[in-house]
Every structure is written in structure tokens, then in C-alpha cells.
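# what would the 3D arrangement of this be:
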Amino acid sequence: MSKEDTDELKEDGEKSVLKNPTTKKVAAAAIFSAVGLFLSFINPFAYFYIYGTKINPFAHFINAITGVLIGIIFSIITATTIAILRYSIGIGSIHAFWGGISGAIVVGLVAYILRKKQPKYVEFAALAEPIGTVFIGGTIGYLVQPIITDPLIIGLATYWWLFFIPSIIGSIMGFLILLLLKKARITWKDFF
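Here you go, the predicted structure:
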């Protein structure tokens, strides 16, 4: 083989790796994990415990974007990575796991359904993030670390409220970023 053939083969190999959807999703998940961790550091609420939770709208922001752009599996991986890193360095609580992962699951599922049924509205899946975070994550949070002094419904409502505030803020920010990306012609189709 000549040098030209080797160079041509090398270029084709590089192009095929860059066209591989899994490679794109892995790279995007790694980048979003790093961005999510960085945003957690600048989050002023991450350092206050409120009933054992640390409020972080940026985790929900990342969930909203990744669930739509890279799909359910890689969104869950990203949410889990961010939760592990936040918890291990002390800027997140144990609640980051079920709050983040449940939000990622719901956004990913809604995005999957919208991609099949109404692909032009897939960005709206980002707004479903609070459903998973609040009702699934908040309920798991209460079951794991109940507020002992309150009756069940008040304790559960307290957790739902604590998970609701940052998830609404984060999902709206994520939705707006997805709209900006769509205007820039960067959509979920680039990753699938």
C-alpha cells in the first residue's frame, strides 16, 4: 500500500468514527457531564441543605437537554455521572441520584415518543422533566429520608415542592437552549 492509500484509508476511518451515532452520544454525554459538574460549582444553592436536599436547577437543565439530544440511555448515564461526582465532592446530596435520574428517564421517554409521533415537537419533551423529578424523585427521596416530624402527606408535599422549584427552572432553561440549538440547526437528528 502506498502512503496515499494509507492516508485515504485513515481519513475514511476517521470519518466513519465521527459519523457513528454511539460515538457522538458518548462524547456528548462526557461533555454534558463536565458542564453539569462545572455548573454545580457555580450554583449558589448547592451549599445549603434543606431537609437533606441541595437545590440544583443546573442538573435538571442538563437532563432536559440530554434527554432530547442524546436519548434516554445516555441521558441516564449523564445524570448518574453528575450525581456521583456531585455527591463524592460534597456539592450534592444523596437525593441527586433519584432526582436527576428520574428526570432523565421521563425526558428521554417523552422525547422518544415525540420522535416517533411528532418529531417537530421533540424539544417540548424537556418540559416533562419535572414530572419525573418531582413525583418519582421526590417520592423516593421522602421514602429514603422521611421528614419525621410531619405527617405523610405534608412530608411528601414538602419533598415534592423542594424538587419542583429547581426542576421547573432547569427544564425551562433547557427548553430555551434546545430552541436556540434548533435555530442553529443542531438537533437530535445529529446524534441519531
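
# strands of this structure, start to end?
Remark: strands of the chain are absent; assignment by DSSP state E.

# show me where pLDDT drops low in it?
Applying pLDDT under 70 to the chain flags the ranges 1-18, 45-49, 51-52, 148-150.

# quick one: the helices in it?
Secondary structure of the chain by DSSP state H: the helices cover 3-19, 21-42, 57-69, 71-89, 95-117, 129-130, 138-144, 152-183.

# now the ones you listed as TSV including distance to D190 and mean neighbour count?
Yep, even glycine has a C-beta here, placed from its N, CA and C like the rest. Formatted as TSV, the helices of the chain follow (distance: least, CB to CB, whole Å; neighbours: other CB atoms under 10 Å):
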stretch	distance to D190	mean neighbour count
helix 3-19	11	10
helix 21-42	7	16
helix 57-69	8	30
helix 71-89	12	21
helix 95-117	13	23
helix 129-130	21	30
helix 138-144	33	19
helix 152-183	9	18
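
# what about those, which gets the closest to I50?
I50 lies closest, by CB to CB, to one member of these: helix 152-183, at 6.0 Å.

# need the contact list for the most centrally placed residue in the chain.
Centroid-nearest residue in the chain, with CA atoms, centre = their mean: N63, separated by 1.7 Å. Counting by CB atoms under 8 Å, 6 or more residues apart in numbering, N63 makes contact with S75, T78, A79, G100, G103, A104, V107, E129, T133, G170, S171, G174.

# same thing but 6 Å
Taking CB atoms under 6 Å, 6 or more residues apart in numbering, we find N63 in contact with A79, G103, A104, V107, E129.

# of these, closest to A184?
Of all those, A184 sits closest to V107, with 20.5 Å by CB to CB.

# show me the contacts for the closest one.
N63, A64, G67, A125, A128, E129.

# gap between the two ends of stretch 179-192?
18 Å (CA to CA, to the nearest Å).

# quick one: contacts of it?
Applying CB under 6 Å, 6+ apart, the external contacts of stretch 179-192 come out as P21, K24, K25, V68, L69, I70, V122.

# swap in 10 Å and give it another go.
21-22, 24-25, 27-28, 65-71, 74, 111, 114-115, 119-120, 122-126, 178 (CB atoms under 10 Å, 6 or more residues apart in numbering).

# quick one: A28 and L69 touch, right?
Yes: taking CB atoms under 10 Å as the contact criterion, A28 and L69 are neighbours in contact, 6.6 Å apart.

# can you list residues touching both of those two?
S75, D190, F191.

# which one of those residues is nearest G155?
Distance to G155, by CB to CB, is smallest for S75 among the shared contacts of A28 and L69, at 29.0 Å.

# wait, what's in contact with that closest one?
25, 28-29, 32, 62-69, 100-101, 103-109, 111.

# at 6 Å instead, please
Under the criterion of CB under 6 Å, 6+ apart, the neighbours of S75 are T66, G67, A104, G108.
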